[in-house]
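K.L.:
Provided below are the primary sequence and the corresponding predicted coordinates.
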Amino acid sequence: MPSSPTCSASVHPTRHERLLSALETVPDPRDRRGVRYPLVGVLALAVTATIAGCRSFAAIGQWAAATTAEHLAMFGLAGTSAPDESTLRKLFARLDADALDTALGAWMWTRTVVAGARRVIALDGKTVRGARRRPDGTAPHLVAAFDHGAGAVLGQVCVEAKSNEIPAARTLLEQFDLDGAIVTMDAMHTQTDTATLITGAGGDYVFTVKGNMPTLHAKLKALPWKDVPASRSTDTGRGRRATRTIKVAAAPDWVEFPGAAQVAQLRRTVTRGGKKTVEVVYLITSADHLAAPPQTVASWVKDHWMIENRLHWVRDVTFGEDLSQVRTGQAPRIMAACRNIAVGLLRLAGWENIAAGLRHHARHSDQALALVLTS
């Protein structure tokens, strides 16, 4: 398994050496009178249970009930019984989810910088389908910032509908020091205001250009790509062969997109079971040819979809997120935050196969505990 990324100084105002100290910044919504369980301990317990494979409040409550008094004391729960399902459900419904996501993201940022490399961040949204509320059927839509290299979530915000994802993504980006970073986003976010925000903060963007910007898309498609040298790469696996051919050129003078330095044509040819499919997309980036030669641009675009495979798919399939019936208050988002940090902690510990990591820590609860308390 790979080693953990090298830590560097935090770009956030406060650096927390331990995850527990970051959790201490989350405000407790309960009246101080009669509080039986410290909030930090309950949150740490929930994250630990999630690393041990728990998917629901009932499972976390059962895991906590089976935990030894010695382990409960390490969560600051000495002299009490473990919090049960009802306690967890009521507390998580009332928590400040923005504060929790900010605390976890700021802490993870300090753990995911690899010396000498540029941070590459993918932004994308996911609807928590199992949390649809009656009678209107609305569900929380969570927009996450995902570190390409570490495979960990750096931040998350919530909107009520996917149509609000564009301003939510900008709100999320404003939380980061983007100096020197690369931000990859899909066509929905190919917006001049978003480009201005990123470049104004010292970062670079890589955007896909599709039908939501028809004039720019048509002009990029009409460029003389046949005269531009091509760079190719081929991947095989899972019964398919994928060839990516990219052509990159300096942005023409008529491109008025903020900070645009290069444009590209990316052709994906996928062969599976003897059937071939071809997709051609156009890209625009503020990174120049020195910082972003063709293969680098291609790798950024390819790795952007890691957020689907290494986060959204893991939460849906490994954690069964879309099957969860948690709907009350902030609880769906809090549970998603626990899954995000569990994935990040496992990846930092060297687990690329998250399902295998969950099975391992379900058998070795002491290691799950150590992972949370010493990270």
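P.N.:
Yes, it's here. Fair warning: this is a prediction, and the values are worked out from it, not measured in the lab.
K.L.:
List the buried residues in stretch 308-326.
P.N.:
When neighbours are counted by 16 or more other Cβ atoms under 10 Å, the buried residues of stretch 308-326 are found to be Arg310, Leu311, His312, Val314, Arg315, Asp316, Thr318, Phe319, Glu321, Asp322, Ser324, Val326. (Glycine included, C-beta is placed from N, CA and C.)
K.L.:
got the phi/psi numbers for the first one?
P.N.:
Same thing as Arg310. When read as degrees, to the nearest 10, the backbone of Arg310 gives phi -100, psi -10.
K.L.:
Identify the residue nearest it in space, chain neighbours excluded?
P.N.:
The shortest distance from Arg310 to any non-neighbouring residue, by Cβ to Cβ, 6 or more residues apart in numbering, is to Gly151 (4.9 Å).
K.L.:
so what's that neighbour up against?
P.N.:
By Cβ atoms under 8 Å, 6 or more residues apart in numbering, the contact set of Gly151 is Met306, Arg310, Leu311, Val343, Gly344, Arg347, Glu352.
K.L.:
From Val248, how far out is the third one?
P.N.:
To tie it back to what came earlier, the one meant is Leu311. In this view, Leu311 and Val248 are 28 Å apart by Cβ to Cβ, to the nearest Å.
K.L.:
in the stretch 1-150 of the chain, which ranges drop under the pLDDT threshold?
P.N.:
Low-confidence regions of the stretch 1-150 of the chain, defined by pLDDT under 70, span residues 1-17, 113-116, 130-137.
K.L.:
can you rerun that using 80?
P.N.:
For the stretch 1-150 of the chain, applying pLDDT under 80 flags the ranges 1-17, 34-35, 113-117, 129-140.
K.L.:
can you give me the strands in the stretch 1-150 of the chain?
P.N.:
Counting by DSSP state E, counting those that start in this stretch, one finds strands in the stretch 1-150 of the chain at the ranges 120-127, 141-147.
K.L.:
Tell me which of the ones you listed sits most buried.
P.N.:
When the strands of the stretch 1-150 of the chain are scored by mean count of other Cβ atoms under 10 Å, the highest mean neighbour count falls to strand 141-147 (a mean of 25).
K.L.:
Output the contacting helices and strands for that strand.
P.N.:
In terms of contacts (3 or more Cβ pairs under 8 Å, 6 or more residues apart in numbering; DSSP states H and E), strand 141-147 is packed against strand 120-127, strand 152-159, helix 165-173, helix 306-307, helix 331-348.
K.L.:
Of all the ones you listed, which one is nearest Asp227?
P.N.:
strand 120-127 (29.7 Å; Cβ to Cβ).
K.L.:
what are the bridge partners for Gly285, then?
P.N.:
For the record, residue 285 is Thr, not Gly. Val206, Gln262 (DSSP bridges).
K.L.:
Does it touch Gln262 like I think?
P.N.:
Yes: counting by Cβ atoms under 8 Å, Gln262 is a contact partner of Thr285 at 5.2 Å.
K.L.:
got any residues that touch both of these two?
P.N.:
Both Thr285 and Gln262 are contacted by Ala292, Val297, under the criterion Cβ under 8 Å, 6+ apart.
K.L.:
Point out where the stretch 151-300 of the chain drops to low pLDDT.
P.N.:
160-163, 238.
K.L.:
all helices for it, in order.
P.N.:
Secondary structure of the stretch 151-300 of the chain by DSSP state H, counting those that start in this stretch: the helices cover 165-173, 192-200, 214-221, 294-304.
K.L.:
Give me the contact list for the third one.
P.N.:
Where contact means Cβ under 8 Å, 6+ apart, the residues beyond helix 214-221 that reach it are Val209, Lys210, Gly211, Pro252, Trp254, Val255, Phe257, Val263, Gln265, Tyr282, Ile284.
K.L.:
Among these, which lie within strands?
P.N.:
Val209, Val263, Gln265, Tyr282, Ile284 (DSSP state E).
K.L.:
between Thr285 and Gln262, which one's more packed in?
P.N.:
Neighbours per residue, other Cβ atoms under 10 Å: of Thr285 and Gln262, the larger number sits with Thr285, 27 against 22.
K.L.:
Am I right that Leu369 falls within a strand?
P.N.:
No: applying DSSP: H, G, I helix; E, B strand; the rest coil, one finds Leu369 to be helix, outside a strand.
K.L.:
what sits against Ser375?
P.N.:
Contacts of Ser375 by Cβ under 8 Å, 6+ apart are Arg18, Leu19, Arg111, Leu345, Leu348.
K.L.:
isn't the fourth one right up against Leu371?
P.N.:
Which is Leu345. Yes: using Cβ under 8 Å, Leu345 is in contact with Leu371, at 5.6 Å.
K.L.:
Which residues are in contact with each of those two?
P.N.:
Joint contacts of Leu345 and Leu371 (Cβ under 8 Å, 6+ apart) are Ile51.
K.L.:
Going through the ones in strands among the contacts of helix 214-221, which ones are buried?
P.N.:
Val209, Val263, Gln265, Tyr282, Ile284.
K.L.:
Show me the one of the helices and strands packed on strand 141-147 that comes nearest Ala139.
P.N.:
Per Cβ to Cβ, nearest to Ala139 of these: strand 120-127, 5.3 Å.
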